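Colleague: just need the structure, nothing else, for what follows:
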Amino acid sequence: MHIAIYVAAAIAAAGAGCAFAQVGEALQRPALSVKAPQRAVLLAAAAAGQRLVAVGERGVVALSDDRGATWRQAACPVSVSLTMVRFADERHGVAVGHGGTVLTTADAGASWVLRLDGRRLAVLAKAAATTPQALQDAERLVADGPDKPFMDVVVWDAQRMLAVGAYGLAFYTADGGQTWAPWMGRLPNPKSLHWYVARRQGNTLLLAGEQGLLARSSDGGATFEALQSPYKGSWFAGELQANGHAVLAGLRGNAWRSVDVGNTWSQLASPTQSAITAVADDGNGGLWFATQAGAVLRQQGEALVPLNAAPVPVPSALLPQREGPLLALGVAGVVPVVAQKARP
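Modeller: Numbering: from 1, shown residues only. You can find the predicted model right below:
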């Protein structure tokens, strides 16, 4: 489902008296087995070598070893919604989600270990607070309970990861998730806006989020600088490519491209006013986009052009494959994208 809907749900939950208990219970309850995991609501997917790993609502983790033709469910120690999954190599990966959840795997998604949750991160933030504002923010995290989601995660290798999310959450580990350090203090986000997008190429990190929030690191995360955003609406998706080009997309079909890692931006012509919910790099320099209305688009020069013949129900992610169909994931589970037939 559209990433902003999940954040809105988490924000709404913060005002509900029983919300904290519900999230806490889900953090302690393994995901239930479902008959057809490929038809569950799935929010993100990644390749682990030849295996595809998809994650979604209520802790569902689905695995495919035949390019998405068939799927099976993997055990998961939590039943909160998982919003993103990434792999450092063919075996080591990380998934993040609601309740401040971070899970890691060392066997290509077959099994998962809970490494961080909302209660623990609140304690860590309070212990690390060095300013009155940081202490106040940490005490609010403790009081609120584990109600805030992580929305994306950067992976350097099997040991180093950075998870970011709602209300400016940012936590880093250098030992595979055994210990964590809050990074909120080093990110330029004085209003504690939501981070939706986190991407890395080499020592460059690009973070983007709510209300045009945009930041960059050129030294592997040691320091960050705020960037001038070309658009003041929220960024929901993006990519940082190997050639140094960056693309961000969000509300009202906005898609912007930078060839200098965020110093300057140019707008891509878009055929839609629908929010763009996913961007994916096919590994060969090509970019694919999905909209909340179900359109799948590809970048062609300085424009986005439609690809699919029929809309995909509320897509949240796209997974290009070197061999096999382009897959969309969302409220209908895994859906192969069928391209329009060329006109004679």
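
Colleague: what residues sit buried inside stretch 229-249?
Modeller: 229-231, 234-241, 245-249 (16 or more other CB atoms under 10 Å). From N, CA and C alone the C-beta is placed, and that goes for glycine too.

Colleague: out of those, which one sits closest to Ala26?
Modeller: Closest to Ala26 out of the buried residues of stretch 229-249 is Phe236 (24.1 Å), distances taken as CB to CB.

Colleague: for the helix or strand hosting the closest one, which outside residues touch it?
Modeller: Using DSSP states H and E, the element containing Phe236 is strand 235-240. With contact meaning CB atoms under 8 Å, 6 or more residues apart in numbering, strand 235-240 is reached by 2-4, 196-197, 199-201, 204, 206, 208-209, 212-214, 229, 246-251, 261, 275-281, 287, 289.

Colleague: please list the members of those residues that lie in strands.
Modeller: Among those, the ones falling in strands (DSSP state E) are 196-197, 199-201, 204, 206, 208-209, 214, 246-250, 276-281, 287, 289.

Colleague: list only those of these flagged as buried.
Modeller: 196-197, 199-201, 204, 206, 208-209, 214, 246-250, 276-281, 287, 289.

Colleague: center of this structure - which residue?
Modeller: Closest to where the C-alpha atoms of the chain average out (CA atoms, centre = their mean) is Asp152, at 3.3 Å.

Colleague: SS state for it?
Modeller: strand (DSSP: H, G, I helix; E, B strand; the rest coil).

Colleague: okay, and the beta partners of the nearest residue to it once chain neighbours are set aside?
Modeller: Of all residues not flanking Asp152 in the chain, Ala198 sits nearest, at 4.2 Å (CB to CB, 6 or more residues apart in numbering). Here Ala198 sits in beta bridges with Leu207, going by DSSP bridges.

Colleague: pLDDT value on Ala198, please?
Modeller: Ala198 carries a pLDDT score of 98 in this model.

Colleague: tell me the mean pLDDT for the strand holding Phe236?
Modeller: 97.

Colleague: kindly report the same for stretch 92-111.
Modeller: Computed over stretch 92-111, the mean pLDDT rounds to 98.

Colleague: distance from it to the middle of the chain?
Modeller: The chain centre lies 13 Å from the centre of stretch 92-111; the measure is CA atoms, centre = their mean, to the nearest Å.

Colleague: parallel or antiparallel, list what pairs with the strand or helix carrying Ser316.
Modeller: Element membership for Ser316 (DSSP H and E) is strand 315-319. Its sheet considered, strand 315-319 pairs with strand 327-330 (antiparallel) by DSSP bridges.

Colleague: after the partner strand comes which helix or strand?
Modeller: Counting by DSSP H and E, what follows strand 327-330 is strand 333-336.

Colleague: low-confidence ranges, the protein, go.
Modeller: Applying pLDDT under 70 to the chain picks out residues 1-21, 340-344.

Colleague: chain center to the biggest helix by length in it: distance?
Modeller: Longest helix in the chain, counting residues (DSSP state H): helix 132-144. Centre-to-centre, helix 132-144 and its host chain are 25 Å apart (CA atoms, centre = their mean).

Colleague: do stretch 74-93 as well
Modeller: 12 Å.

Colleague: give me the number of residues near Met151?
Modeller: 29 (other CB atoms under 10 Å).

Colleague: ok, now Ala75?
Modeller: Neighbours around Ala75, by other CB under 10 Å: 12.

Colleague: ok, for it, nearest residue in space, not its chain neighbours?
Modeller: Per CB to CB, 6+ apart, closest to Ala75 is Ser111, 6.2 Å.

Colleague: that neighbour touches Ala74, doesn't it?
Modeller: Yes: between Ser111 and Ala74 there is a contact at 6.9 Å, judged by CB atoms under 8 Å.

Colleague: between the two, which is the more surrounded one?
Modeller: Ala74 (20 against 15).

Colleague: quick revisit: what's the longest helix of the chain packed up against?
Modeller: On a contact count with 3 or more CB pairs under 8 Å, 6 or more residues apart in numbering; DSSP states H and E, helix 132-144 meets helix 118-128.

Colleague: just the CA coordinates for the helix it packs on, please, in CSV.
Modeller: These are the backbone C-alpha positions of helix 118-128, laid out as CSV (Å, rounded to 0.1, in the frame of the first residue of the first chain):
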residue,chain,number,x,y,z
GLY,A,118,10.4,0.9,19.3
ARG,A,119,10.8,0.3,23.0
ARG,A,120,14.6,-0.4,22.8
LEU,A,121,15.2,2.5,20.4
ALA,A,122,13.5,5.0,22.8
VAL,A,123,15.8,3.8,25.6
LEU,A,124,18.8,4.2,23.3
ALA,A,125,17.8,7.7,22.2
LYS,A,126,17.3,8.8,25.8
ALA,A,127,20.7,7.4,26.9
ALA,A,128,22.5,9.2,24.0
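
Colleague: what residues of that helix count as buried?
Modeller: Along helix 118-128, these residues count as buried under the neighbour rule (16+ other CB under 10 Å): 118-122, 124-126, 128.

Colleague: then Val23 would be within a helix, right?
Modeller: Yes: secondary structure of Val23, determined by three-state DSSP: located in a helix.
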